[in-house]
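Participant: Okay, predicted coordinates and the sequence, questions at the end:
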Amino acid sequence: MSDKIYIFDTTLRDGEQSPGASMNMQEKFRLAQQLVKLNVDIIEAGFPIASSGDFDCVKNIADNVKEVQVAGLARCNKKDIDTAWDALKKGSNPRIHTFLATSDIHMKYKLKMDRDQVLSLAEDSVKYASKYTSNVEFSAEDASRSDLDFVCTVFEAVINAGATTLNFPDTTGYALPNEFGNQIRYLMENIPNIDKAVLSVHCHNDLGLAVANSLAAINNGARQVECTINGIGERAGNTAMEELAMVIRTRADQMTVHTDLVTENIYPSSRMVSTITGMPVQPNKAIVGGNAFAHESGIHQDGVLKERTTYEIMDPADIGLSKGNLVLGKHSGRHALKSRIEILGYNLKDDELDRVFVRFKELADVKKDMFDEDLEAILMDEVLRIPETYKLVYMGAMSGSKALPTASVRLEIDEEEVEASAIGVGPIDATFRAIAILTKTKSKLLYFAVSSITGGTDAQGEVMVRIEGDDGKIVVGQGADPDITTAAARAYLNGLNRLIYLKKETGSKNK
Ligand code: KIV
Ligand code: ZN
């Protein structure tokens, strides 16, 4: 029997540290439910001390998601650990994940501590956390750039203090696969009590090696991998769960390990993360990119038609991708809609389904074919929507090669309708200016992207904006509409509403 690799998903914690990827409580809870469907072993739900919002999200998941272990992050100090435990304590087998840097560079410049101090703080903190639970993970931050003998000393001590998982992160994404594999082997061979704990890795993707490094670690004894869906995370992100899972599944002939992941839920999970965070998946991304199973050249198409395995090493069905996702049309009923939405990973309440069905029918009237992406845009609006402080009533914009771009926008704010017009460099600039006048906001537009949700001239335009509020918080806003200026207005308003919601929900966030 092959060894099991424990999948520790940190999409909700490290993944959320991607610039602009903040998620609200409802979104995190939906994702946690999807992670359960994927059958991950541990969900790292957040960093409870970071803000009251983070605390509430971790607590909500620990209180209600009982099928998996829920972890909360804590620095090595009593307040962090107490707060993490407070959030986690109602979970089933909750995990306190505490971390402290062990590299000379971090100890000298960041912690201003010497090795002895770090060793005893790590030991004391794990002992303290172990009073709450026997499920304690210790991470040696920046481990791959640390003196390995020192890491061995720290790991040996924290195992004696009660840690049951030891995590060796490549925090800066600096390691090379050979080197990282050798480091793991060194730990396996030089920590006398290593058999009392699971060795874990947590790789960042700064050099594009996170998955390769995680695999090298597995080949040398690591049995837990920390990863995120779509590889999102701090800077260049973390090990992409879907890539790791499909390497292990596809190359089972070369691997002596397995995961318990239900890989058929990979594609819907990837779409959900992208929809919620507003971070598109690059088309050529392995496993879940739009082109991952597309065959462009005639020779390839011909080969695949004759025998799929000529050019496909994986069956798209293994990641839950049904070929040709043309799904519904004008005549599709509520039942067909409901089952398609379930395939996308959403179990809707009756009132949510009612709202989605109305929007679906409206769109189906103007658009012949409905794709998964169309449904996701509606779900984003109707189900994952946050309270709308600013609501679009209607808008109109005029532009042309000779015309002065002008926009008029009517919004509902505090149950009152207000209207303003503005001119701008183009119709979208004019629209955003009118919105800024009405909402009296001074946010900075950092990024604007428009894309067509599907092919065809009747496709919906999808706009994604990243905006920075006057308090420095950054959020993503999304909007879709067959008219792209209206889609832009929806996206901008969604961003402004998120800024308000975030302020209310999180208090002061200090990640
Ligand atoms: O990258 C890192 O080192 C981390 C730790 C907190 C595990 O995210
Ligand atoms: Zn990390």
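Facilitator: Alright, I've got the coordinates. Ligands and ions are numbered 1, 2, ... in the order given.
Participant: for ligand 1, what are the nearby residues on the stretch 1-150 of the chain?
Facilitator: When proximity is defined by CB under 6 Å from any ligand atom, the stretch 1-150 of the chain lies next to ligand 1 at 14, 99, 139, 141. Placement of C-beta: from N, CA and C, glycine included.
Participant: now these as CSV including pLDDT, secondary structure and distance to P427?
Facilitator: Below are those laid out as CSV (pLDDT from 0 to 100; DSSP: H, G, I helix; E, B strand; the rest coil; distance: CB to CB, whole Å):
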residue, pLDDT, secondary structure, distance to P427
D14, 97, coil, 39
F99, 98, strand, 49
S139, 98, strand, 49
E141, 98, strand, 48
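Participant: Closest to P283 out of the residues you listed?
Facilitator: Using CB to CB, D14 comes nearest to P283 of those, at 24.2 Å.
Participant: Is the closest residue to the closest one other than its chain neighbours in a helix, a strand, or coil?
Facilitator: Excluding the flanking residues, the one nearest D14 by CB to CB, 6 or more residues apart in numbering is G233, at 4.3 Å. Secondary structure for G233, judged by DSSP: H, G, I helix; E, B strand; the rest coil, is coil.
Participant: phi, psi of G233?
Facilitator: Note on G233: its backbone torsions stand at phi 150, psi 180 [degrees, to the nearest 10].
Participant: what about it, neighbour count?
Facilitator: 28 (other CB atoms under 10 Å).
Participant: Wait, it touches Q17, no?
Facilitator: Yes: counting by CB atoms under 8 Å, G233 touches Q17, with 6.2 Å between them.
Participant: circling back to that earlier point, of the residues of the stretch 1-150 of the chain next to ligand 1, closest to V418?
Facilitator: D14 (41.1 Å).
Participant: Backbone dihedrals for that closest one, both of them.
Facilitator: Dihedral pair for D14: phi -70, psi -40, per degrees, to the nearest 10.
Participant: who in this structure is up against ligand 1?
Facilitator: So the chain meets ligand 1 at 14, 99, 139, 141, 167, 169, 171, 202, 204 (CB under 6 Å from any ligand atom).
Participant: In those residues, which residue is surrounded by the most others?
Facilitator: Busiest of the residues of the chain next to ligand 1 [other CB under 10 Å] is H202, holding 29 neighbours.
Participant: would you say that one is within a helix?
Facilitator: No: read with three-state DSSP, H202 is strand and lies in no helix.
Participant: Smallest gap between the stretch 201-350 of the chain and ligand 1, at which residue?
Facilitator: H202 (4.8 Å; CB to the nearest ligand atom).
Participant: who touches that residue in this structure?
Facilitator: By CB atoms under 8 Å, 6 or more residues apart in numbering, the contact list for H202 reads 8, 10, 14, 139, 167-171, 225-226, 238-239.
Participant: hey, what's it bridged with?
Facilitator: Beta-bridge partners of H202, counted by DSSP bridges, are P169, E226.
Participant: about what we covered before: make a markdown table from the residues of the stretch 1-150 of the chain next to ligand 1 and add distance to V198 to it.
Facilitator: Formatted as a markdown table, these follow (distance: CB to CB, whole Å):
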| residue | distance to V198 |
| --- | --- |
| D14 | 19 |
| F99 | 16 |
| S139 | 13 |
| E141 | 18 |
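Participant: Which one of these is nearest to K285?
Facilitator: For these, the nearest to K285 is D14 (18.2 Å; CB to CB).
Participant: could you check the distance from the spatially closest residue to D114 that is not a sequence neighbour over to ligand 1?
Facilitator: Closest residue to D114 apart from its sequence neighbours, by CB to CB, 6+ apart: M107 at 6.8 Å. To ligand 1, M107 is 14 Å away according to CB to the nearest ligand atom, to the nearest Å.
Participant: Same question for P427.
Facilitator: Distance from P427 to ligand 1, by CB to the nearest ligand atom: 43 Å.
Participant: what does the model give that residue for pLDDT?
Facilitator: P427 is assigned a predicted lDDT (pLDDT) of 95.
Participant: Find the pair from the residues of the chain next to ligand 1 with maximum spatial separation.
Facilitator: In these, two members sit farther apart than any others by CB to CB. They are F99 and H204, at 14.0 Å.
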